[in-house]
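Novice: my questions concern the predicted model and sequence given below.
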Amino acid sequence: DFLATCPRSHFTCGDGKCIPQHWKCDTYSDCADGSDEIDCDKTHKCKDEQFQCKLTNKCIPRGWTCDGDADCGVVEKFRTIDVSDEDAELCRSSRHCLPTQTVCSNGKCLDIDRFCDGVWDCSNDELR
């Protein structure tokens with residue numbers, strides 16, 4: 001059997017099939033043998049101060065998460081925008097409020113002095 005020689009911009013699957021390099025470690029198995037998804041933890045590791053996008057595997061600054069802008073880019077193969085940096089669960093659990101603020105149940109940051117002040121600023125700030 002003759003195995004194809006893939007161009008540098010491509011990954012060679014175990015069976016010789018060539019796929020674009022950016023399809024390697026994209027969480028989707030494009031090679032029949034799954035070889036494009038092997039050893040991916042070692043391949044794409046973001047620094048501690050970075051967030052790793054779920055679909056594009058792109059590393060972005062943590063400060064860009066939960067800011068209302070999808071910063072992870074587009075998965076061309078599926079023509080899908082990776083919005084994992086704006087995921088509701090992520091943003092609810094890691095809301096970036098200032099030290100002088102607290103988090104409402106809807107994820108909104110509210111100044112502490114406005115919490116329990118008799119004015120409903122968010123759905124749960126007057127329940128205590």
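Specialist: Noted; the coordinates are in hand.
Novice: from here on, contacts and neighbour counts on C-alpha atoms
Specialist: OK.
Novice: okay, buried residues for the longest helix anywhere in the chain please.
Specialist: Counting by DSSP state H, the longest helix found in the chain is helix 88-93. Of all the residues in helix 88-93, those buried under the rule 16 or more other CA atoms under 10 Å are 91-92.
Novice: and stretch 53-64, by the same measure?
Specialist: Judged by neighbour count using 16+ other CA under 10 Å, the buried positions of stretch 53-64 are 53, 55-60, 64.
Novice: next secondary structure after the helix or strand of the chain with the lowest mean pLDDT?
Specialist: Every helix and strand in the chain was compared by mean pLDDT, DSSP states H and E; the lowest is helix 40-43, with a mean of 66. Later in the chain than helix 40-43, the nearest helix or strand by DSSP states H and E is strand 50-52.
Novice: tell me which other helices or strands the following helix or strand past that following strand touches.
Specialist: Counting by DSSP H and E, the next helix or strand C-terminal to strand 50-52 is strand 59-61. Applying 3 or more CA pairs under 8 Å, 6 or more residues apart in numbering; DSSP states H and E, we find strand 59-61 packed against strand 50-52.
Novice: just name whatever secondary elements the strand it packs on is in contact with.
Specialist: By 3+ CA pairs under 8 Å, 6+ apart, strand 50-52 packs against strand 59-61.
Novice: if we can go back for a sec, check the buried residues of stretch 53-64 and tell me the two furthest apart.
Specialist: Leu55 and Trp64 (16.2 Å; CA to CA).
Novice: make CSV from the buried residues of stretch 53-64 and add pLDDT and distance to His10 to it.
Specialist: Conversion of those to CSV gives the following (pLDDT from 0 to 100; distance: CA to CA, whole Å):
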residue, pLDDT, distance to His10
Cys53, 89, 22
Leu55, 84, 19
Thr56, 83, 16
Asn57, 80, 17
Lys58, 84, 18
Cys59, 86, 21
Ile60, 88, 24
Trp64, 87, 30
